[in-house]
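> can you look at this prediction? I've put the sequence above it.
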Amino acid sequence: MSPDQSESPDVPEAPDLETCYVGPVRVRREPGESSKTTDRRLLEWVDPNDADLRAERTMRDSWRVLRIQSEFVAGFDAMSEVAEAVTVFGSARLVPGSADYDLAVRLGAALGEAGYAVITGGGPGAMEAANRGAWDAGAQSIGLNIELPFEQHLNEWVDMGMHFRYFFVRKTMFVKYAQAFVCLPGGFGTLDEMFEALTLVQTKKVVRFPIVLIGRDHWTGLIDWMREVLLAKGMISPDDLELLHVVDEPSEAVDIIAAAAAGRGGR
Ligand SMILES: C/C(=C\CNc1ncnc2c1ncn2[C@@H]1O[C@H](COP(=O)(O)O)[C@@H](O)[C@H]1O)CO
């Protein structure tokens, strides 16, 4: 090797780029460069007085339908082999070593040991922990991730994972392939998922299946408010409150789910 060859060539340093997913496509961008998610583009407001923008939107939305359709097809194909499953929701912000993270691991394991596949949002926190428990129990561990404006990873405890562009497509998969929901302690995302499940059951859009809230400390205040405000004002009926089961232990959640399955003639 000549002295010239041993010298390091004058290669420009790789720029510090941000990574994110646009549907299945991984893109790297300059920090701060606009990264509108697909959902945001779909829901973007367009000035109705601007005829050109309206025409452009109509064209884009028509094509968008094909993309939505393809996401449903990919989801249905991927999920078609899933056996009995339970969808688990919960805070993306739980950290390993915390009591709630540990609860989520134990929940995933208890569901897995009872023969259920575990479906989560595939992200960090409670999702990672529940997938981890299911994985440890040798159960199918599924993560349905979503495109967000910052980099998203499937957690490492997922053995079948997907990235969705559209929230509503992903939510369909959470419901369609599960026979129960369990909500761990969580924030707005978890509450959104819990209330969506609840209204689907309340309006009989899905046959009554259990929604279990695990962690009494976290959920009791909300249930009290539902009773003291919503029920008292006649905005829900007494039966509606019974659609939610509040427990502390993963084994209680599994018992409720198994009893509901037996009541439907399953298991
Ligand atoms: C904010 C953080 C990570 C975001 N990543 C997520 N990946 C996948 N799914 C998510 C993510 N964040 C929220 N979700 C969904 O909402 C529920 C949790 O929301 P909460 O507001 O944290 O309660 C969860 O069940 C997911 O389906 C951490 O840096």
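Thanks, I have the structure now. Because the structure is a prediction, the values reported are computed rather than measured.

> okay, helices next: where are they in this protein?
For the chain, the helices defined by DSSP state H cover 3-6, 38-43, 51-79, 99-113, 126-136, 167-176, 188-202, 216-225, 238-241, 250-263.

> give me the below-cutoff pLDDT ranges for the protein.
1-9, 11-15, 21-25, 31-35, 208, 266-267 (pLDDT under 70).

> list, one by one, the residues from it near the ligand.
89-93, 121-124, 127, 145-146, 148, 152, 186-190, 193 (CB under 6 Å from any ligand atom). Any C-beta I mention is one placed from the backbone N, CA and C, and that applies to glycine too.

> now do 5 Å
Residues of the chain lying close to the ligand by CB under 5 Å from any ligand atom are 89, 91-92, 121, 123, 186-190.

> selection in ChimeraX covering whichever of those are buried, please.
The buried residues among the residues of the chain next to the ligand can be selected in ChimeraX (16 or more other CB atoms under 10 Å) with this line:
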select :89,91,92,121,123,186,189,190
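
> out of the helices of the chain, deepest packed?
Of the helices of the chain, the one with the most neighbours on average (mean count of other CB atoms under 10 Å) is helix 126-136, at a mean of 28.

> OK, contacts around the spatially most central residue of the chain?
In the chain, the residue lying closest to the centroid (CA atoms, centre = their mean) is Gly121, at 2.8 Å. For Gly121, the contact set (CB atoms under 8 Å, 6 or more residues apart in numbering) comprises 89, 92, 127, 143-146, 170, 189.

> ok, Leu107 next?
Leu107 neighbours (CB under 8 Å, 6+ apart): 88, 130, 133, 182, 184, 214, 250, 253.
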